[in-house]
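[1] Kindly return the folded structure for what I paste below:
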Amino acid sequence: MAGRQGRRRFGAVRKLPSGRYQVRYRTGDCRDVTAPTTFATKADAGRYLSKVETDLLRGEWTDPRLGRTSFGEWTDRWLESTVNLRANTKAGYRSILRQYLRPAFGSYPLASIDVLAIPTWLARLEAEGVGQATRAKAYRLLARILGAAVEARYLAVNPCSIRGAASDGTSEMRIATVEQVAAIAEQVPARYRALVLVAAFGGLRWGELAGLRRRRVDLKGGIVTVAEQLVEVNGAFSVGPPRAPPGAATSPSPPPSLTSWPST
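    The predicted structure follows:
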């Protein structure tokens, strides 16, 4: 803001030999910062300084030098920090990054990925025949990575704000009735009937069903303990912890019409 004599109380503006105006200011921790761009007029430079001052006062200021970090470099840092991700989840992220995100944004500075770049990227994926579910998955990952950049003050805002872009377009899930579950179980070999029933009435995911062991099933108490699941990473199978905390249990209560079926 300028004082009565036209002298600024915050920051400085100087005219360059090119005729454009350069902005410099000092942050609360006494760092001298030069604006990442120059301005055509002194008024434009002054408005930029006013916004910076406001952001500093509100605690919303981001160092423009951090915004120059490339998307590829930031993504590598982000991946290293995601220590709580499952191996198969991280492998899926790497696949999406390799196919859809790094080719499009890898060399881009974070600050240059704006609200115009993202719909252009999505439109290009659609033109290349990439399905809606895959586009939505890639968009959600991009939004998560850029959201982490906002939290780390590398970006001021997350540009992933396209309504509906995160939706994979799948129709609402249809829930089978008890009669339909019974009909499905009747059609499979007897050794797989328990799998169908536990899946339907216990709510287990496929990895949890495939990883279930006999010692985790208490037939007398009617309790199934979900303590591990089978996961696939790059074509290799391994046993890992379930999404729910180890020891979480479900107590499926099959309807009376199913209790007379032979146990397997």
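[2] Can you list the low-confidence ranges for the stretch 101-250 of the chain?
    Along the stretch 101-250 of the chain, the model assigns pLDDT under 70 to residues 170-173, 232-235, 243-250.
[3] which residue ranges form the strands in it?
    Counting by DSSP state E, counting those that start in this stretch, the stretch 101-250 of the chain has these strands, from start to end: 217-218, 223-225, 229-233, 236-240, 249-250.
[4] Dump those into a markdown table; add distance to residue 124 and mean neighbour count as well.
    The C-beta positions use only the backbone N, C-alpha and C, and glycine is treated the same way. A markdown table is the format used below for the strands of the stretch 101-250 of the chain (distance: least, CB to CB, whole Å; neighbours: other CB atoms under 10 Å):
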| stretch | distance to residue 124 | mean neighbour count |
| --- | --- | --- |
| strand 217-218 | 50 | 13 |
| strand 223-225 | 46 | 17 |
| strand 229-233 | 29 | 17 |
| strand 236-240 | 33 | 12 |
| strand 249-250 | 44 | 16 |
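[5] can you tell me which of the ones you listed comes nearest to residue 107?
    Each of the strands of the stretch 101-250 of the chain has some distance to residue 107 by CB to CB; the shortest is strand 229-233, at 28.4 Å.
[6] that older thread, nearest to residue 143 among the strands of the stretch 101-250 of the chain would be which one?
    strand 229-233 (24.0 Å).
[7] any idea how far residue 114 is from the residue nearest to residue 166 when sequence neighbours are not counted?
    By the measure of CB to CB, 6 or more residues apart in numbering, the closest residue to residue 166 outside its immediate chain neighbours is residue 140, 5.0 Å from it. The spacing between residue 140 and residue 114, counted by CB to CB, to the nearest Å, is 19 Å.
[8] Which one of these two is surrounded by more residues?
    When residue 140 and residue 114 are compared on other CB atoms under 10 Å, the one with more neighbours turns out to be residue 140, at 16 against 10.
[9] does that one really touch residue 167, like I thought?
    No - here residue 140 does not reach residue 167: they are 9.5 Å apart, not a contact under CB atoms under 8 Å.
[10] Could you pull up phi and psi at the closest residue to residue 107 other than its chain neighbours?
    What sits nearest to residue 107 in space, not counting adjacent residues and going by CB to CB, 6+ apart, is residue 70, at 5.7 Å. The phi and psi torsions at residue 70 (degrees, to the nearest 10) take the values phi -70, psi 150.
[11] can you check the one 3 residues further on too?
    Backbone geometry at residue 73, expressed as degrees, to the nearest 10, gives phi -70, psi -40.
[12] got a list of what it touches?
    Listed by CB atoms under 8 Å, 6 or more residues apart in numbering, the contact set of residue 73 is empty.
[13] State the three-state secondary structure for the residue nearest to residue 11 when sequence neighbours are not counted.
    The shortest distance from residue 11 to any residue that is not its chain neighbour, by CB to CB, 6+ apart, is 3.5 Å, and that residue is residue 25. The three-state label given to residue 25 by DSSP: H, G, I helix; E, B strand; the rest coil is strand.
[14] How much space separates residue 25 from residue 45?
    For residue 25 relative to residue 45 (CB to CB), the value is 11 Å.
[15] now do residue 102
    When residue 102 is compared with residue 45 (using CB to CB), they lie 36 Å apart.
[16] still on that earlier bit, could you list every residue that touches the residue nearest to residue 107?
    With CB under 8 Å, 6+ apart as the criterion, the residues that contact residue 70 are 106-110.
[17] For ChimeraX, write a command that selects the buried ones of those.
    With 16 or more other CB atoms under 10 Å as the burial test, the buried ones among the contacts of residue 70 are selected in ChimeraX as follows:
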select :109,110
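[18] and which of the contacts of residue 70 is nearest residue 36?
    Nearest to residue 36 among the contacts of residue 70, counting by CB to CB, is residue 109 at 9.2 Å.
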